[in-house]
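1. Quick one: sequence and predicted model below, then my questions.
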Amino acid sequence: MLTKEQNDRLTQTNKGTPCGELMRRYWQPVALVSEIPPDSRTPVPVTILGEELVVFRNAEGKLGCLELHCLHRSADLSYGFVDACGLRCLYHGWAYDIEGRCTDQPGLTSETFKNSIRAVAYPCIEVGGVVFAYMGPGDPPVLPRYGFGDVPEGYYVARKVYNDCNYLQGVDGEVDPHHVAFLHGQPGTDLFDADLSPTMTVESVSTGIRLTTVRKLPDGKEYVRHSNFIMPHIGSFTSDQYMTDGFSMHWHVPITDEAHWKYLIYFQRSAPLELPDHFEREVDEFNMLRRNRSNRYLQDRGQDGGVSRSGMGRYFQAHDAYATESQGPIQDRTREHLTAFDVAITRMRRCLNDAMDAVASGQDPQHVLRPPSDGTIPDLITDSAVVPAMA
C-alpha cells in the first residue's frame, strides 16, 4: 500500500517530475521501424512522456525526432514534407534539419533571425526493428546490448500494442509471475498450471532485479524460470513455446500518465523467428488490440477450459490489457493489499525510487551505461528449464 504522494511520484512522467526526469536518462522506444521504414519520407507524430513529437527521415534517410509544433505559429509538423532542407512545415514552409536547426524560411531574408530558431531535437537510433530516442540532458548513454540488436534481420520481431492505463500498471504485471497460471491459463501453459504456489526469490543485479521462480511438477521435477525487471520499465522473459535460445522484452513506454505503449521485442539466436499467427491477428493496423476495454475484450465464457481460461482468446497481451486497464487510468495504490507473492513489485518500486533520488542528486541512475562500456550486460540471465528436483 502506498500513500497518494508515493503513488504520484512513481506514476507521473511529464518533464520536470521526478519519474519523468528519471525516464529521460534512458533511450526510449518512440516508433517501430516498420512505421517509418528506410525509404519512407512520411513524418510520424508520436507522444512520449507527455511530449508531442514528430519522427522523420531526412532526404538521406537519417532519423530525426523534433518537437511536433513549428516554431513559427505552432502548426503540426507531421503534416509537412521532407526535402533537401529537412522537414518542411506545410503552413508557411519553414524547414528544420534533424538537429532542430531552422534551415529555410521562404520569403524571409534575415540569416540572423533564421539562425536564432532552434526546435527541440532528440537523437535517434534504430536497433532490432525499433526507433529509440534519447530525451534527456547531456550526451546519450550507451544503448545496452540485450541481444535483439546482435542477431540478423528475421531472427527478431518487434511489435507494439496500446495500453489505456499508466505505465506502472504494466510494469507491476511484469514482476508478478504468480498471475501467469491463472490469467493466462490455456493449452501449453501446463508448466505454470502445475504449481499455483511457486517458490520465488528476488535478487539485485546491475539491470534492476532478477526473479527466480521454481514450480514443482507432478513427475517430481521442477520448472525453474529466470525473468527480470530492467530499469526503468522493461520486463524480460523466456517464451518456451516460441523461442529456443532467446527471449522477449516488454517495454512499457509512457505516452501520458494515463496511457502507454507496450513494445514487444522477441528474438532468438540460432534460427529465424516465427511467431504464431494469432500474435498478428489480435492487433489492428494502428497497433490497437482488437480485444479491448470498449468491447470487454470479446470475452466468451464458453472458452473456459478450452482456448483459454480467461475467455479472451490466446494472446497474452489482451489478457494483460484487461488486468491493467481495468484498474483504472492510474491505479489507486492506497487501496492495494500486497502479499508475499508481490515481493518483486515492492523491490521494483524501490529501484525506481532509488533511481529518482540518484537523478535528483546529479548522478546517473541504475543501468545507465557510459563509455568505455560497449553495452554488454554479463549478469542479464533470462532462461527457463525443467530440472531434477533439488534435494
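-> Arrived safely, thanks for sending. Numbers count the residues shown, from 1 in each chain.
2. Check the chain and tell me which residue is nearest its centre.
-> Among the residues of the chain, the one closest to the centroid is Trp251, at 1.9 Å (C-alpha atoms, centre = their mean).
3. any idea where the helices of the chain begin and end?
-> 4-11, 18-23, 111-115, 167-174, 180-183, 190-193, 277-281, 316-325, 343-360 (DSSP state H).
4. And the third one, what does it pack against?
-> Read it as helix 111-115. In terms of contacts (3 or more C-beta pairs under 8 Å, 6 or more residues apart in numbering; DSSP states H and E), helix 111-115 is packed against strand 102-104. In this view, the C-beta of every residue, glycine as well, is placed from N, C-alpha and C.
5. Kindly report the same for the fifth one.
-> Counting contacts by 3+ C-beta pairs under 8 Å, 6+ apart, the secondary-structure elements packed against helix 180-183 are helix 190-193, helix 316-325.
6. Which residue, other than its chain neighbours, is closest to the residue nearest to the centre of the chain?
-> Leaving aside its sequence neighbours, Trp251 sits nearest to Tyr263 (C-beta to C-beta, 6 or more residues apart in numbering; 4.0 Å).
7. Any idea how many residues pack against the one you found?
-> 25 (other C-beta atoms under 10 Å).
8. How much space separates the residue nearest to the centre of the chain from Ala158?
-> According to C-beta to C-beta, to the nearest Å, Trp251 stands 10 Å off from Ala158.
9. so what's His184 up against?
-> 192, 308-310, 316, 319 (C-beta atoms under 8 Å, 6 or more residues apart in numbering).
10. how about a cut-off of 6 Å?
-> Residues near His184 by C-beta atoms under 6 Å, 6 or more residues apart in numbering: 316, 319.
11. pLDDT value on it, please?
-> The model reports His184 with a pLDDT of 85.
12. Could you number the chain from 22 rather than 1 from now on?
-> Done: numbering now begins at 22, and the last item shifts to His205.
13. Tell me where the model's unsure across the stretch 72-221 of the chain.
-> The model of the stretch 72-221 of the chain has no residue with pLDDT under 70.
14. Ala179: what's its closest spatial neighbour, skipping adjacent residues?
-> Gly150 (3.1 Å).
15. Am I right that that neighbour is in contact with Arg180?
-> No. Counting by C-beta atoms under 6 Å, Gly150 does not reach Arg180; the two are 8.5 Å apart.
16. who's the residue nearest to Trp272 bridged to?
-> Lys181, Trp272 (DSSP bridges).
17. For it, give me its contacts.
-> 50, 181, 272.
18. From Leu285, how far off is the first one?
-> With distances taken as C-beta to C-beta, Pro50 is found 10 Å from Leu285.
19. Ok, the second one next?
-> Applying C-beta to C-beta, one obtains 7 Å for the distance of Lys181 from Leu285.
20. ok, and what's touching stretch 89-109?
-> Taking C-beta under 6 Å, 6+ apart as the rule, stretch 89-109 contacts 62, 64, 66, 73-75, 77, 79-80, 110-113, 115-118, 124-125, 138, 140.
21. Next: stretch 288-298.
-> Contacts of stretch 288-298 (C-beta under 6 Å, 6+ apart): 168-169, 172, 175-178, 263-267.
22. Among those, name the buried ones.
-> By neighbour count, with 16 or more other C-beta atoms under 10 Å, those hold 168-169, 172, 176-178, 263-264, 267 as buried.
23. and which of those residues is nearest Ser257?
-> Gly168 (9.2 Å; C-beta to C-beta).
24. Tell me the bridge partners for the closest residue to that closest one other than its chain neighbours.
-> By the measure of C-beta to C-beta, 6+ apart, the closest residue to Gly168 outside its immediate chain neighbours is Phe288, 5.9 Å from it. Here Phe288 sits in beta bridges with Tyr177, Phe268, as judged by DSSP bridges.
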